[in-house]
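In: No letters, just coordinates:
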């Protein structure tokens, strides 16, 4: 493995870098990873933080904007990721370095034929409002209830499994269905249950010093356009505010329905990230 990046802890001095502090909202997942055992973080201690999960294929890279035209440094990062040998890696990084990085990644890994399969922008949204008090939104109807999913409860496991089984084809999860269900069971998830079936949910991530991420708002396809997404988003916002942190989230900028929901609930776009999906070219 390349020696230019060392394994670091969440207390490393690089987290005191003024530019990183300014970007920490955008890189909320790195902030969360600082306190979680399943993540490993590497750094040159000056301008790069690379965060990886031991169980997934997502890699978050914070870089100083000053290196966006530094070809040698970007190639070093590309080669380091190549040596990590993560299959179908998804790389999240600053929008302003993404073009340079995607081209260099392909060049730096010619010997193993990696290609950039997809590249798109993620909007970073933050919520600055107060608690949502509209009872028509946040209080379930008489035949509905919102419950906190308990991953040790067999009935709750069945609710989550059945929900994502219904969404499996739409989300293209056929090959990773069981892993995705387990991933969601490990989250703080609130389910809107009607007639014994989960029809919508809200999943919340790990808190950082100031922000807590809404990881997902999902509604069954045949239950959409009925206000359930808005209801669960408002519910999640209030839960997060009650914890003393501010809600934030990431969304694909091409997902117009999701972006409309965030704006309607009171979120505003703070910044943007780039997501690169890398695969081996066979």
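Out: Now that the structure is in, tell me what you want to look at. The shown structure was predicted, so the numbers you read here are calculated from the model rather than taken from an experiment.
In: For residue 279, give the beta-bridge partners.
Out: Beta-bridge partners recorded for residue 279 (DSSP bridges): residue 115.
In: That one and residue 117 touch, don't they?
Out: Yes. Residue 279 lies in contact with residue 117 (CB atoms under 8 Å); the separation is 4.6 Å. All C-beta spots, glycine's among them, are computed from the backbone N, C-alpha and C.
In: any low-confidence regions in the stretch 101-250 of the chain?
Out: Under the criterion pLDDT under 70, the flagged ranges of the stretch 101-250 of the chain are 108-114, 135-142, 170, 172-175.
In: try it again with 80
Out: Under the criterion pLDDT under 80, the flagged ranges of the stretch 101-250 of the chain are 105-118, 134-143, 167-177, 179-180.
In: Which parts of it are strands?
Out: Applying DSSP state E, counting those that start in this stretch to the stretch 101-250 of the chain gives strands spanning 114-127, 144-148, 188-194, 197-207, 211-219, 246-252.
In: Name the residues of stretch 157-173 that are buried.
Out: If you call a residue buried by 16 or more other CB atoms under 10 Å, then stretch 157-173 has these buried ones: 157, 159-161, 163-164, 167, 173.
In: ugh, wrong one, stretch 60-77
Out: 60-64, 67-68, 73-77.
In: count of residues packed around the closest residue to residue 121 other than its chain neighbours?
Out: Leaving out its chain neighbours, the residue that sits closest to residue 121 by CB to CB, 6 or more residues apart in numbering is residue 253, at 4.6 Å. Residue 253 has 14 neighbouring residues, counting by other CB atoms under 10 Å.
In: Residue 253 contacts residue 124, correct?
Out: No. With contacts counted by CB under 8 Å, residue 253 stays clear of residue 124, the gap being 10.2 Å.
In: Can you check which residues contact both of the two?
Out: Common contact partners of residue 253 and residue 124 (CB atoms under 8 Å, 6 or more residues apart in numbering): residue 272.
In: thought residue 116 was touching residue 102?
Out: Yes. At 4.7 Å, residue 116 counts as touching residue 102 under the criterion of CB under 8 Å.
In: anything in contact with each of these two?
Out: Common neighbours of residue 116 and residue 102 are listed as residue 276 (criterion: CB under 8 Å, 6+ apart).
In: which SS class is residue 269?
Out: For residue 269, the secondary structure call by DSSP: H, G, I helix; E, B strand; the rest coil comes out as strand.
In: Spit out the contact partners of it.
Out: Residue 269 makes contact with 123-125 under the criterion CB under 8 Å, 6+ apart.
In: ok, back up a step: of all the strands of the stretch 101-250 of the chain, which one is nearest residue 232?
Out: Taking CB to CB as the criterion, residue 232 comes closest to strand 197-207 out of the strands of the stretch 101-250 of the chain, the separation being 4.2 Å.
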